[in-house]
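1. Quick one, what's the 3D model for this:
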Amino acid sequence: MEFDISYTSKEITPWGGMVFLKQMLQKIGFREHISKCEDLPQPKSNRGHKVTTIIEAFITSVWCGANRFMHTEVTRHDIALGKMFDWKEIPEQDTYKRFFSKFNQATNHNVSNHFYSWIFDNFKFDNFTLDINSSVMTRYGKQEGAKKGYNPAKRGGVSHHPLIAFIDDVKRVANMWLRSGDTSSSNNFLSFLEDTLSKLKNKTVGFIRLDSGFDFCNDCL
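-> A predicted model of the protein is given here:
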């Protein structure tokens, strides 16, 4: 079999499929809604990256398979990917670290409220069924909040114990709290429920389903 070999001066990328991610973000007006969120930390330097670029580039890296900050360097050096998204410069991993280090509990709450409310406001569907569940995420290292607790996958290992709310009707996560590994399933449940309902705002929750770890809540709902 014969092959024709040629050269081009144009940039190429193995992440060409990300054009569909760009089209989706454009269609939903994601960049505009980032700009509308007043609680997002802003760069103090005029030379700093735009917040829209930081968030878009980070999400794109995750879609490309990054699960550590250092993995974002792969997409950072992809010139074609930057042109695809109209980024003047792609942030380096330290930029993401500095950006997310500026978040505190209040910032997390306000930013998540902004984006969750925006997402669910766009659904015409109403009368949701809300599923709330807890999970165990085993950790290897010294991540903040990783502690020894109930961990069936690795007994005696440290973990996080997140609390997650799902809406199966529209296949979306409605809320999530990342809790320390020594937290019980039902810990802070009512506060989590109130926070979830505030994110859904004008939507009606017709039914709430809980797993067996929330038996204590039957009398308080």
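2. With Ile119 as the reference, measure out to the closest residue to Pro162 other than its chain neighbours.
-> Take Pro162 and drop its neighbours on the chain: the residue closest to it by C-beta to C-beta, 6 or more residues apart in numbering is Leu178, 5.0 Å away. For the C-beta atoms, the positions are set from N, CA and C on the backbone; glycine is no exception. Shown here: Leu178 relative to Ile119, a distance of 19 Å by C-beta to C-beta, to the nearest Å.
3. same question, Trp15
-> On the measure of C-beta to C-beta, Trp15 and Ile119 end up 25 Å apart.
4. rewinding a little: so how far is Asp4 from the residue nearest to Pro162?
-> 53 Å.
5. So the two - more neighbours on which side?
-> Leu178 (15 against 4; other C-beta atoms under 10 Å).
6. Hmm, Ile164 and that one touching each other?
-> No. Shown here, Leu178 and Ile164 do not form a contact pair, counting by C-beta atoms under 8 Å, at 9.6 Å.
7. returning to that earlier point: contacting residues around the residue nearest to Pro162?
-> Counting by C-beta atoms under 8 Å, 6 or more residues apart in numbering, Leu178 makes contact with Gly145, His160, Pro162.
8. Pull out the buried members of the residues you listed.
-> Those of these that meet the buried threshold are His160, by 16 or more other C-beta atoms under 10 Å.
9. Nearest to Asn127, out of the contacts of Leu178: which one, please.
-> Pro162 (26.3 Å; C-beta to C-beta).
10. Great, nothing more from me.
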